[in-house]
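# Quick check, what structure comes out for this input:
(4 chains)
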Amino acid sequence: MNGVHDLGGMHGFGPVKPEQNEPLFHADWEVVVYAIARAARVQGIYNIDESRRAIEQMPPADYLASSYYERWLASEIRNLTEKGVVTAEELEARMRLLAERPDTPRPKKNVPGLADRIVAAAHAKPHFKKPGPAAKFSVGDRVRTRNMHPKHHTRLPRYARGKLGVIHAVHGSFVFPDTNAHGGGENPHPLYSVRFDARELWSDSTEPGHDAVYLDLWETYLEPVNGDGPGARR
Amino acid sequence: MNGVHDLGGMHGFGPVKPEQNEPLFHADWEVVVYAIARAARVQGIYNIDESRRAIEQMPPADYLASSYYERWLASEIRNLTEKGVVTAEELEARMRLLAERPDTPRPKKNVPGLADRIVAAAHAKPHFKKPGPAAKFSVGDRVRTRNMHPKHHTRLPRYARGKLGVIHAVHGSFVFPDTNAHGGGENPHPLYSVRFDARELWSDSTEPGHDAVYLDLWETYLEPVNGDGPGARR
Amino acid sequence: MSGHHDDDHHHHAEPEHPLSVRVRALESLLVEKGLLSSDVVDRVVSLYEKDIGPHNGARVVARAWVDPAYKQRLLADGSEAIEELGFGGVDLKVVENTPTVHNLVACTLCSCYPHALIGLPPTWYKSFEYRSRVVIEPRAVLRDFGLSLPESVDVRVWDSSAELRYMVLPLRPPGTEGMSEAELAKLVTRDAMIGVAVVQPPATPASVR
Amino acid sequence: MSGHHDDDHHHHAEPEHPLSVRVRALESLLVEKGLLSSDVVDRVVSLYEKDIGPHNGARVVARAWVDPAYKQRLLADGSEAIEELGFGGVDLKVVENTPTVHNLVACTLCSCYPHALIGLPPTWYKSFEYRSRVVIEPRAVLRDFGLSLPESVDVRVWDSSAELRYMVLPLRPPGTEGMSEAELAKLVTRDAMIGVAVVQPPATPASVR
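All right, here's what the predicted structure looks like:
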């Protein structure tokens, strides 16, 4: 999806302003938003690709005007309502109730083992790498990213589309976000680290030096390029 | 400048919603904003490229959250303060004054002939076409747009950078926005209509059919492409 | 605040919109500095409410329909040709719809539009929705306007990125052979000159029943 | 609202932030539906305030500095190598800074970050400023952090676009030959493991004066 979330190379946002001794969270509600995401993930209510897709579907002006955990909240509400776990009406009603009686105590019900599962998940080996087809490219191959503009969720940023790169590493097959974000299955297939020279991405707008950007890109994003690379053929 | 104003090809904004029998302006203040722009233009306080550059310099979230004439207003204020015609303090003070006494009558001073000059300008031949160097390309030449990412104002949208096109028409030399928007002079030089096949711009995301997009691009945005075109050489 | 409203218009209940206060502040400063005069607003409004509007473009289209030589001049140099009808103020390029080519005018970067000839653009033309989609899915945008084109018709989108302004010369609708130039002009809509609509044949008695 | 605040925290004067009301509403619904339990918030906070944080990554860096064989295993397979120190939960790729190569980790599309090892990312890492500029002008971004690299050092930006998480193995600062692994670990900062800083040599008495 060509959305405003795809920020690589954009101008106009100003200098990076690191915050000195920044707290873990900036408000109580942020902690709850974080906890909800972890709970939803560990109970498989929706997956990480769906959570990103839902953030990207925020109205563009809202996305840019929202803080980080505000965007998580928008994604949680969209996914939880899409999955029928909560309804918009239920949420509106509960908000009215809490607004009228702000001192309603927080509910004290524990789900046995849920917190343990969340903490365990933080330490457990992730499960995105899965068996898939053999890799078509190998290290050193020259490839060109496809000039694709899908409306669906994708992990090929616009700044790197239709660009020449070189395979830096072959990661093996990983769950594919473009389908997994839309209930279209995991479709694990080969993922590569692809190196792009800065000049290829930005030409004369590149800073002086020999810099590069590395992106992890699925094989479906890539086309072989004729030339010396072994895997390259067209 | 890679800004959020560069909307070509973006997703997420939804269907076009034409307004039935729409008024010329939606609020009194919009008419005044329009009048201020015409007055500034005809008195040469700042030029059209500066006005666009100033819109593009709005903070991205503000740009997307602002209505059309709100963006004009932001540009007017930025340009008028940059040129020293008004100061931010003056404006803040006057706003406080008017907010406290909303029934302050509108000033009734006329500038003899200003309105006539504005109306005349609406009918007068524009003056953007100026003598410049001979055109390097001619109709039918294949060209590639530069993959340029300047921070300054430019009229080459991101969706058409690094793309193959064909010269459709040679317009002659026109004032160059990239310099004229930054006080860098008019620098008139050849302008072309360049045709891009939709497939070249969007590959498989293109709608079925043989569609094309035509852009008016300055020679500095274009590189020759070797191949059959007469002017094409690399 | 615009001249043709009387001044007591200000004594409305709710507080004035902050934007309106900001604009009035800027206006009063500029008027004080002799850079803006209070008659400008009225003259601008009347300019676009009366003198300049889609009706001008419609006359040019009608002339081109009835006068093939004029059409050639119009397509060769729009700015010159519209002066024959007393219009000006724009570097105009007219692009012709044919049975196999449909043109669409846009400005993805801002709101460039032939306003000197056909008046101020509608809000949807300046909207993020139109500007973002018109170059990547013009056919879907046309469907938003109720216009479905067959694949056999090529769509050309003119993204106005310089100071040239584009206008569509729509196809003359069937069944208008007997109509005068003036009658033809009445059929031509603003949307047809932008390209998001075609010119409909006149409402014949049969279709009016 | 977070567990470790007592409940009268709610009786503050100004009205509750609408976002906070929306979150509390969602929280109470999920708890009622048995999909969230009130102890999760506390456990998550303590997880990242105590167990998981930059100090874990710092231990891995220090081990790699003192044990060349470990460094090779770490660069070959980060996920495997960190398990030797009891860490896990991430598909980790470690990228090594050298005198001629400086690495920088980012996620232009969202906020991918090796949080299972070095804790939650700082706000600036997730900011539009960092995400937009880091891939097109990394050297300018580094200057925002007070770090100026000579042109002779190549900058590599790792834009995390999949589920692999990147971490920088910073250069070991000069003058630390005599230091223990534990002392070395204390020098390693979060920013150095992201790549927006280098590890400073220990404050020698001379420089402290």
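# CA atoms for contacts and neighbours, from now on please.
OK.
# What is the neighbour count of residue C:50?
Using other Cα atoms under 10 Å in any protein chain shown, residue C:50 has 10 other residues around it.
# Using the three-state scheme, assign it.
helix (DSSP: H, G, I helix; E, B strand; the rest coil).
# quick one: low-confidence ranges for chain A?
A:227-234 (pLDDT under 70).
# Which parts of the longest helix anywhere in chain C count as buried, going by neighbours?
As assigned by DSSP state H, the longest helix anywhere in chain C is helix C:18-32. Neighbour counts using 16 or more other Cα atoms under 10 Å in any protein chain shown place C:20, C:21, C:22, C:23, C:24, C:25, C:26, C:27, C:28, C:29, C:30, C:31 of helix C:18-32 among the buried residues.
# Present those residues as TSV; the columns should include distance to residue D:131.
TSV is the format used below for those (distance: Cα to Cα, whole Å):
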residue	distance to residue D:131
C:20	36
C:21	36
C:22	34
C:23	35
C:24	39
C:25	38
C:26	36
C:27	39
C:28	42
C:29	40
C:30	41
C:31	44
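# got the end-to-end distance for stretch A:127-147?
30 Å (Cα to Cα, to the nearest Å).
# Look at residue A:27 and say how many residues are nearby.
13.
# so what's it up against?
Going by Cα atoms under 8 Å, 6 or more residues apart in numbering or on different chains, residue A:27 touches no other residue.
# if you take the average position of chain A, which residue is closest to it?
Centroid-nearest residue in chain A, with Cα atoms, centre = their mean: residue A:52, separated by 4.7 Å.
# The lengthiest strand in chain A - contacts with which helices or strands?
Determined from DSSP state E, the single longest strand within chain A is strand A:164-174. With contacts defined as 3 or more Cα pairs under 8 Å, 6 or more residues apart in numbering or on different chains; DSSP states H and E, the packing partners of strand A:164-174 are strand A:142-145, strand A:189-197.
# helix/strand/coil for residue C:103?
Classified using three-state DSSP, residue C:103 is strand.
# just checking, it touches residue C:95?
Yes - with contact defined as Cα atoms under 8 Å, residue C:103 reaches residue C:95; the gap is 6.7 Å.
# Need the residues touching each of those two.
Common neighbours of residue C:103 and residue C:95 (Cα under 8 Å, 6+ apart) are residue C:168.
# In TSV, list the helices and strands packed on strand A:164-174 along with mean neighbour count and distance to residue C:200.
Compiled in TSV, the helices and strands packed on strand A:164-174 are given as follows (neighbours: other Cα atoms under 10 Å in any protein chain shown; distance: least, Cα to Cα, whole Å):
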stretch	mean neighbour count	distance to residue C:200
strand A:142-145	24	45
strand A:189-197	23	52
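# any chance of these in a markdown table, with distance to residue C:70 too?
Shown next, in a markdown table, are the helices and strands packed on strand A:164-174 (distance: least, Cα to Cα, whole Å):
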| stretch | distance to residue C:70 |
| --- | --- |
| strand A:142-145 | 49 |
| strand A:189-197 | 54 |
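# All the helices of chain C, residue numbers only.
C:18-32, C:39-46, C:54-66, C:68-76, C:78-83, C:115-118, C:128-133, C:138-144, C:181-187, C:190-194, C:205-208.
# can you tell if the second one touches chain B?
So the one you mean is helix C:39-46. Yes - Helix C:39-46 is in contact with chain B by Cα under 8 Å from any Cα of the partner chain, via C:39, C:40, C:41, C:43, C:44, C:45.
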